[in-house]
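[1] sharing a sequence plus its predicted fold:
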Amino acid sequence: MSFHVSSPGASPFGTPTHDRPKPKRQQSQFRPPVAPSPGGYQQSSGYANAGPRSAAYGAPVADSYFPAQSAPTSQPTSQPAMQQYGQYGTDAHVLQQDAGGIAQQMGQMSLDGSAPGPGRRKKDRHAYHQIEQPVAPTQQYNGAPSGQSWNGNATQPQLGASAEQAQWQPTSQPWQSQQLPQATTQMAPLPGMPIQMGGHPGQQQPGMPAGAQAKVNADQIPSVPLSRDLPAEYYKNHIYPTMEQHVPPPVTTPFVSYDQGNASPKYARLTLNRIPNAHDQLMATGLPLGLVLQPLAKQIDGEQAVPVLDFGDAGPPRCRRCRAYINPFMVFSNGGNRMTCNLCGHPNEVPPEYFSPTDPSGIRVDRQDRPELLLGTCEFLVPKEYWSKEPMPMRFLFLIDVSAEAYTRGFLQGICDGIIAALYGDDEEPATNGEHAEGETAPMRSKVPAGAKVGIMTFDREIHFYDVSGSISAPQQLVVSDLEDPFTAISAESLFVDATECRKNVTTLLRQIPNMFANIRHPEPALLPSLQAALSALETSGGKIICSLGGLATYGPGRLNHRDKGERQTDDSDSSKEFLKTEHTGFKKCQADLVKAGVGVDFFLSAPMGGYLDIATIGFLAEKTAGETFYYPNWSYPRDCLRVAKEISHTLQRNQGYAALMKVRCSQGLQVAHYSGNFTQHTFGADLELASVTEDTGMGVTFAYDGKLDTRLDAHFQAALLYTTTSGQRRVRCINVVATVTEQARDSMRFIDQDAVLAIIAKEACSRVPERNLKDIRQNIQDKTIEILAGYRRQLSNSQSSGQLVLPENLKESVMYILGLMKSRALKAGKEPSDRRIAEIRMVKGMGMAELSLYLYPRIIALHTLELEDGFADEHGHLKMPRAVRASFTHMEEGGAYLVDNGQILLLWLHAQVSPNLLEDLFGEGANTLQSLDPNLSALPVLETHLNAQARNILLHLEEQRGSKGLAIQLARQGLDGSEFEFARLLYEDRNGEASNYVDWLVTLHKGVGTELSGQRAKLSTTEDVGHAISSTFSSITGSVPYWG
């Protein structure tokens, strides 16, 4: 099968902005099954069915979804791949078949024959939370056991319970007694998965003819799609109790978390849920000891809200030595007068206002009435000593580029339309400002968070302020032409207004802005002075700047130059690092001022014809203020308008705060080694400063040993985020995580969180990009992967033959994710525009865990093989999603239609031989050829066809799982659209440029593991890399920082 790609046609943008039709935004909603369309419509059968794949349209097979064609020589099938994960029953998680079943289904693959781990003894506990339970060898690992105790009952609570049924005051919890829970609440982990490799020269595999050599079947290696689909299906009807299972569900799985004192994995994940007690044991595993945080992660229906507690002027109780906040694992003694810190072990006197007596077992009698003693995640209102300035509701300032390039390309129009949609949605505009007349409908509230205010500025060679307050009949403009010393030309009371009260003036202004600057076309925007003027408007209050830019800022103080001329052949050289650094002193000073004032920046950037913007310099402000950069390298009007509108809406409406400080504390014997993410940290050990923090903000923390952990106690971690909410409250959110401690490295490797390990590796690697060249970073990632696999081989599977690559049970798919990381634009080999590369590097550093997982391996869904019930609710009200497809062109069928979602863009790839009937059912009557489709299509039309309803419901589900990037369709028609290059790049299992395919990558790792086990592998000096990883002061204390960073 040939794979043709051609360049896209010229942009249709060619008419004045005010004459162009505004793109119609249609709302996708769940819809019940509709009547069949004319012609006896019947959806084609499933992908794995043995019957012929055709749809009965009352027409010959040639008119069906699958035209008559010869059978492919190698037709993929999903059935064998599913066998490697077993089936989810009512009491099972991701399961493996027994050795015989795997051998039957997967040829040379067999299960690890290592002996099961030793049983564990009961240990001393903190605060009556039972972490360890006896081993139950008859249960499968990480499954939800039948009959497990829940609130004193033998069944789990049902999903979708009302808020009254899910209060934080439980009647009886398993951890509130000194008795161990049932033995079935912990399951013995399964061993690793060996894969038979090609073997070494001269090595003969049993059962093979002489001279033959074993090969790896691509359909028999671990499947990322199945590792996501099966847990997602299981957790539709099960909850995740945070203290009763050791390994959380995959980050892409929508699940309801039940907080039992250990924080939900949506907020924090440990790389190891059983921690080695000493540095040498950790090094034997090759794994990083880290914590991945997403402190404001959004919750789903069925989860209890994080309680907000007020301790008055005294503030929440804290340890006097380490300053840890009160949490469920602090121990009360001496009749309730003493509180022993679970982190540093210091005994504290309990404040009189917080005193409560204890019962004979040592439990506070008011424990059931204290959420901070029951839940792993709580928020506390803090007194004035925690304030850096008077907290007030958040202020959003839109700073819009109105230069000639932004106008000509339609970017200005798209931004203005997007702001209107973000502020007011699709509601009709009211007739008047403020109070409505008698008999008129009251204006709908804006979409802005309650209490927050908005302001509008524009800039080109001058800076324009706008008064849109309700006291005036029409918007007023004030111009500042002094760029050397910019200032705020309008009072804050007039600049920042309530979006609901001043709706008429706000919408009038935003609709007039494109026309206002249609004839005033300054070609060069003055970005830095405009940012400084915006900062002066927010300096006393804090808030967020949402800035658009449509071209290189080459005018005024802080002008930028075209540094990257694209003359290099590869980005792996040391000289290429210079284009990824920020050298401009003016932007560095502006960044420091922004952080000090608690003002974050989000950029919306459009490159003229994919040209240069110097995002390395511009995006530095967003990186250090913990903001985001939304980059549109191939902006096209009106195709990308829907995406911009959704992303501005999400930026404005999501859960967020500003003027934040972050601190992570850990148990004695451990210390923080390094933070990775988007923030400002002035000195090592200082608090992280985040001028803005959102539900999508993620970061990684790695730990080092400064002593030995006590195996009689658990390891505790606490992340504290001090921030101001959008409503103007100063709060601190405390996230508490606990893990058991073991003396054996082999025990730790059975309780690995794959997603946390991948996030730590990716964020640490991207944090080193400006310091080291890309080739060395990729090599260090490969070396670290080999070290982990070799460590597992030494600890748990040394009985396997040398011809097998043994993958850890909980890291089976990690090797594919690592390959995806090295193929991503952030770290890939070859040449890549520096703007796109640095934008994605910073994005990886700051993105959340679920968004990162999709970025490393996209989700691909076949639309042409949907079952009739796919895309609709089942009997329990849950959407039935189809199985995803592996990211390889060998799994793409002729005549197929596929959705490809990597969390950043969503492609709809259509094969050249796709059925005309499918196109009409999906896009409407008359759209029966690829050429007839609108290349600017960004959303599916709302049609009364079964396939269209299925596709729209699936898209709605995917949108709910995304992070900060808006979901808008981009067509990738085979042989017609340039976006097919992006489709080919996202097929991470195939050979792509200089990077190998999945099978070759496994072979490379297998050779590396063999060399590592023989002691012949060379790697960079640990001492040298420690110097790159942390400061020289800290390197003298510990040498445990991973060398791959």
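    Received, thanks.
[2] in the chain, where is pLDDT below threshold?
    Along the chain, segments meeting pLDDT under 70 span 1-192, 196-219, 427-444, 567, 569, 797-802, 1017-1045.
[3] residue boundaries of the strands in the stretch 251-400 of the chain?
    256-258, 268-270, 274-276, 290-293, 308-310, 331-333, 338-340, 347-349, 377-381, 395-401 (DSSP state E, counting those that start in this stretch).
[4] quick check: closest non-adjacent residue to A597.
    E539 (4.8 Å; C-beta to C-beta, 6 or more residues apart in numbering). Where you see a C-beta, it was placed from the backbone N, CA and C, and this is true even at glycine.
[5] correct me, but the one you found touches L594?
    No - using C-beta atoms under 8 Å, E539 makes no contact with L594, being 9.5 Å away.
[6] who has more neighbours, those two?
    Legend: neighbour count by other C-beta atoms under 10 Å for E539 and L594, higher for L594 (28 against 18).
[7] ok, and the closest non-adjacent residue to the more buried one?
    Leaving aside its chain neighbours, L594 sits nearest to T625 (5.2 Å; criterion: C-beta to C-beta, 6+ apart).
[8] how close does the one you found get to A659?
    11 Å (C-beta to C-beta, to the nearest Å).
[9] next one: L774
    35 Å.
[10] and what of A592?
    15 Å.
[11] more crowded one of these two?
    A659 (27 against 13).
[12] listing partners with orientation, what would you give for the longest strand along the chain?
    Looking across the chain with DSSP state E, the single longest strand is strand 730-742. With DSSP bridges as the test, strand 730-742 is paired with strand 274-276 (parallel), strand 377-381 (antiparallel), strand 715-725 (antiparallel).
[13] now do that strand: distance to the chain's middle.
    20 Å (C-alpha atoms, centre = their mean, to the nearest Å).
[14] what's near enough to touch H876?
    Going by C-beta atoms under 8 Å, 6 or more residues apart in numbering, H876 touches 236-237.
[15] about what we covered before: how far away is the residue nearest to L594 from S548?
    On the measure of C-beta to C-beta, T625 and S548 end up 17 Å apart.
[16] now swap in M243 and tell me
    Distance from M243 to S548, by C-beta to C-beta: 46 Å.
[17] looking at the two, which is more packed in?
    S548 (28 against 22).
[18] so which helix or strand takes in that one?
    strand 543-549 (DSSP states H and E).
[19] and this protein, what are its domains?
    Here the domain parsing of the chain from the TED database is 222-297+656-857+989-1038, 308-374, 395-426+446-653, 858-987.
[20] those: which one's closest to E385?
    Taking C-beta to C-beta, domain 308-374 is the member of the domains of the chain nearest to E385, at 7.5 Å.
[21] now do the end-to-end distance for that closest one.
    Terminal residues of domain 308-374 lie 14 Å apart, using C-alpha to C-alpha, to the nearest Å.
[22] now do stretch 893-904
    Terminal residues of stretch 893-904 lie 24 Å apart, using C-alpha to C-alpha.
[23] over to stretch 563-581?
    OK, stretch 563-581 end separation, C-alpha to C-alpha: 11 Å.
[24] got it, and stretch 388-400?
    Stretch 388-400: ends 29 Å apart by C-alpha to C-alpha.
[25] now tabulate the strands paired with strand 730-742 in TSV and tack on mean neighbour count.
    Formatted as TSV, the strands paired with strand 730-742 follow (neighbours: other C-beta atoms under 10 Å):
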stretch	mean neighbour count
strand 274-276	26
strand 377-381	24
strand 715-725	24
